[in-house]
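K.L.:
What shape does this take:
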Amino acid sequence: MTVRRRAKFARTTFLGGLLLLPAASSFLLPSSHAPIHHPRRLFATMSSSHEEGTAAAAANGYANISSTQNIPTFDGDAKAKATDFANYFCAYAQLYHQKQMLTDHNRMAAYHAAIVGNSEVFKDKVVMDVGTGSGILAVWAAQAGAKRVYAIEYTDMARHARRVVRANGVEHIVTVIQGAVEEVVLPAEDWDGVGLVREEGDENEINEDGSKNQRVVDIILSEWMGYFLLRESMLDSIVRARDTFLKPTTGLLMPSHATMLVAPIVDEDERRVSHNEYAAAMEDWKEFAETTQTMYGVDMSALESDFDREQREYYILSSRWAELSPACLLAEPCVVKEYDMHTCTVEEARGVGLAPGAEAGDGVPFDFDVVGRSPSMDGGMDGGHAGPLSGFAGWFTVDFKSRTDDRGRDNAPEVPNPAHLSTGPEMGYTHWGQQVFHFPSAVPLLADQTTRIHGTLEMMRTKESARLYNVRFRYATSRRKTGTDAEGSGVLMRGKEEELVYQIP
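P.N.:
Residues are numbered from 1 along each chain as shown. Coordinates of the predicted model:
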């Protein structure tokens, strides 16, 4: 039996198009190690089937997305920015939520090693920390020898960051700037006072669009990653900060590279819990409808199918946070996307497996062989997996290393001590955990047979919010005698293609 922890979801509510976040005291935790969901992990669960609510929100100007389908901090109007702040940024101003990230020691150790462990790279450099939060990365950069650190924070957490900076004696190095990084202008007095300089070949004071050339930053730090890497869409802000502030050929981004992975898993106890909760919700509805008919003479049956859809989307077709053990993995993980932060575009950040400029595509292929157990000579079972196949899990890794792109490979400073952060099952607890996508029905694994599951994955932003994503799996399964060819005569069964779209809440 494998051990994992499950975080209960705090359900969210939309009222008049605005998201109401539950109070922190409403979050239910099964253990001290399970994450308390902070704002980066809390959004309303809404699918594209909610057309009426989406249209109403958009008509009132409260859709959490700009008219150009970008995150509101880039080019949203006042209402879009206000909605984005209420839905996404505002709770980051709570120390309670910052603490959840600061007590993720895998996260902290990786960033500390990347910064303090490469002090020769930071010495006398200009650094920018995008989304500084409590300011701890900015403090480390100063302690590593940076001559100026710009700590950018959109929320009122900037007040606390200034206090942390002063308490650690680096206020002469770290400048906390409150605002969206897309709108930040570096202090005019620093051009001469700090000696901000552009790199050779990029000396023009004015960009082609008429804006001031601010590409004077040597290193950009940020902890921008969300569930399954992309959720929250903060990568957009990093790309724009890079293009606005980072020296093009000699600048460094930390982290520098990111990888998304997926694998088939056994997680049957939790899959059944979700199904039981769905069934209980529907039984509760039936009792409610009968009571309403009996006591008040009103037939509510016309709403049952819509209620059923809501509950199914929430319990069955929403991903779940999990802290899986390595034993839950039924095959080696498959890489579905790799990002080089120095070359990544906003278009790439919009999703995975999509056609350029489109909301869908052919997807990214995956192909797994899951080997069932085989009878042993003594009557027991050898090797393989007992199963069943409960669904997929997705997670990410990031690296802090030297540039590998053509433009920077031979020009940027080498990172002598690379660091690595994984949110996979092998790492134990991280506040990101893994996102689990349970199947509606488990796939049994049979002794002495290999189950193949192959298909494609797409990840795309929702229509309601540029910060939320859906994941579409198209897949088929087949069974064959273990040791025979996947397409040969040993195939015993071929299943039909399935298509499932999950929300990452």
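K.L.:
what helices or strands is the helix or strand harbouring Glu347 leaning on?
P.N.:
Take DSSP states H and E as the rule and Glu347 turns out to sit in helix 346-349. The elements that helix 346-349 packs onto, with contact taken as 3 or more Cβ pairs under 8 Å, 6 or more residues apart in numbering; DSSP states H and E, are helix 234-245. For glycine as for every other residue, the C-beta is placed from the backbone atoms N, C-alpha and C.
K.L.:
outside of the helix it packs on, which residues touch it?
P.N.:
70-71, 73-74, 128, 130-131, 152, 180-182, 186, 214-217, 220, 222, 224-226, 251, 253, 339, 341-342, 344-346, 349, 466 (Cβ atoms under 8 Å, 6 or more residues apart in numbering).
K.L.:
Can you list the low-confidence ranges for the stretch 301-450 of the chain?
P.N.:
375-382 (pLDDT under 70).
K.L.:
That one: helices as residue ranges?
P.N.:
Ranges of helices within the stretch 301-450 of the chain are 304-315, 346-349, based on DSSP state H, counting those that start in this stretch.
K.L.:
And for the shortest one, what's in contact with it?
P.N.:
The list of residues contacting helix 346-349 from outside it, by Cβ under 8 Å, 6+ apart, reads Asn70, Leu230, Ser233, Leu235, Asp236, Val239, Arg240, Tyr339, Pro356, Gly357.
K.L.:
Quick check: of those, which lies closest to Arg272?
P.N.:
For the contacts of helix 346-349, the residue nearest Arg272 by Cβ to Cβ is Leu230; the value is 28.9 Å.
K.L.:
and the closest one, what pLDDT?
P.N.:
Looking at Leu230, its pLDDT stands at 94.
K.L.:
can you count the residues close to it?
P.N.:
Look at Leu230: counted by other Cβ atoms under 10 Å, it has 30 neighbours.
K.L.:
Could I get the phi/psi values of it?
P.N.:
phi -90, psi -20 (degrees, to the nearest 10).
K.L.:
Excluding chain neighbours, what is closest to it?
P.N.:
Spatial nearest neighbour of Leu230, chain neighbours left out: Tyr469 (5.9 Å); criterion: Cβ to Cβ, 6 or more residues apart in numbering.
K.L.:
Any idea what that neighbour is bridged to?
P.N.:
Per DSSP bridges, the residues bridged to Tyr469 are Arg461.
K.L.:
Just to check, it is in contact with Ile504?
P.N.:
Yes: if you go by Cβ atoms under 8 Å, Tyr469 and Ile504 touch, sitting 5.2 Å apart.
K.L.:
where's Arg407 relative to Gly251, distance?
P.N.:
10 Å (Cβ to Cβ, to the nearest Å).
K.L.:
And the two? Which one has more around it.
P.N.:
Higher neighbour count among Arg407 and Gly251: Gly251, with 25 against 13, using other Cβ under 10 Å.
K.L.:
ok now do that one, which residues does it touch?
P.N.:
Counting by Cβ under 8 Å, 6+ apart, Gly251 has contacts Glu199, Arg215, Val217, Asp218, Ile219, Ile220, Arg242, Gly408, Ala412.
K.L.:
Please apply the same query to Phe400.
P.N.:
110-111, 113-114, 118, 254-256, 415, 418-421.
K.L.:
Just the buried ones from those?
P.N.:
Those of the contacts of Phe400 that meet the buried threshold are Ala110, Tyr111, Ala113, Ala114, Asn118, Met254, Pro255, Ser256, Val415, Pro418, Ala419, Leu421, by 16 or more other Cβ atoms under 10 Å.
K.L.:
Between these, which sits nearest Glu487?
P.N.:
Once Cβ to Cβ is applied, the member of the buried ones among the contacts of Phe400 that ends up nearest Glu487 is Leu421, at 38.3 Å.
K.L.:
hang on, the closest one packs against Asp104?
P.N.:
No: Leu421 sits out of contact with Asp104 when judged by Cβ under 8 Å, with a separation of 9.9 Å.
K.L.:
Run the chain-centre distance for the strand or helix carrying Asn276.
P.N.:
Element membership for Asn276 (DSSP H and E) is helix 268-296. Centre-to-centre, helix 268-296 and its host chain are 31 Å apart (Cα atoms, centre = their mean, to the nearest Å).
K.L.:
Show me which parts of it are buried, residue by residue.
P.N.:
Glu268, Glu270, Arg271, Ser274, Tyr278, Ala281, Met282, Trp285, Ala289.
K.L.:
could I get these as TSV with pLDDT and distance to Val174?
P.N.:
Output for those, formatted as TSV (pLDDT from 0 to 100; distance: Cβ to Cβ, whole Å):
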residue	pLDDT	distance to Val174
Glu268	96	49
Glu270	97	43
Arg271	97	47
Ser274	96	45
Tyr278	97	49
Ala281	98	49
Met282	98	54
Trp285	98	54
Ala289	97	59
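K.L.:
Go through the residues you listed and name the one nearest Asp485.
P.N.:
Ranked by distance to Asp485 (Cβ to Cβ), the buried residues of helix 268-296 are led by Glu268 at 29.4 Å.
K.L.:
what about the closest residue in space to that closest one that isn't next to it in sequence, neighbour count?
P.N.:
Spatially, and ignoring its direct neighbours in sequence, Glu268 is nearest to Ser390 (5.1 Å; Cβ to Cβ, 6+ apart). The burial count assigned to Ser390 is 24, neighbours taken as other Cβ under 10 Å.
K.L.:
need the contact list for Ser390.
P.N.:
Ser390 neighbours (Cβ under 8 Å, 6+ apart): Ile265, Val266, Asp267, Glu268, Glu270, Arg271, His438, Phe439, Ala442.
K.L.:
any idea how far the second one is from Arg240?
P.N.:
In this structure, Val266 and Arg240 are separated by 41 Å, where distance is defined by Cβ to Cβ.
K.L.:
if we can go back for a sec, residues contacting the residue nearest to Leu230?
P.N.:
Phe228, Leu230, Arg231, Gly351, Met459, Met460, Arg461, Thr462, Ile504.
K.L.:
these two touch, right, Ala180 and Tyr154?
P.N.:
Yes: Ala180 is within contact range of Tyr154, at 5.2 Å (criterion: Cβ under 8 Å).
K.L.:
Please say which of those two ends up with more neighbours.
P.N.:
Tyr154 (26 against 19).
K.L.:
ok, the more buried one touching Gly179?
P.N.:
Yes: contact criterion Cβ under 8 Å: Tyr154 and Gly179 qualify, at 6.4 Å.
K.L.:
Run through the stretch 101-250 of the chain and note the low-pLDDT ranges.
P.N.:
For the stretch 101-250 of the chain, no range has pLDDT under 70.
K.L.:
Now for Phe245, how many residues are close by?
P.N.:
23.
K.L.:
next one: Met493
P.N.:
With other Cβ under 10 Å as criterion, Met493 counts 11.
K.L.:
just Gly195 next, same as before
P.N.:
Neighbours of Gly195 using other Cβ under 10 Å come to 12.
K.L.:
Quick check, Glu223 in contact with Leu137.
P.N.:
Yes: the criterion here is Cβ under 8 Å, and Glu223 meets it with Leu137 at 7.0 Å.
K.L.:
Need the residues touching each of the two.
P.N.:
Shared contacts of Glu223 and Leu137, counting by Cβ under 8 Å, 6+ apart, come down to Tyr111.
K.L.:
what sits in contact with each of Ala180 and Tyr154?
P.N.:
With Cβ under 8 Å, 6+ apart as the test, Ala180 and Tyr154 both reach Thr73.
K.L.:
related to what we said a few turns ago, now the helix holding Glu347, how far from the centre of its chain.
P.N.:
With Cα atoms, centre = their mean, you get 14 Å for helix 346-349.
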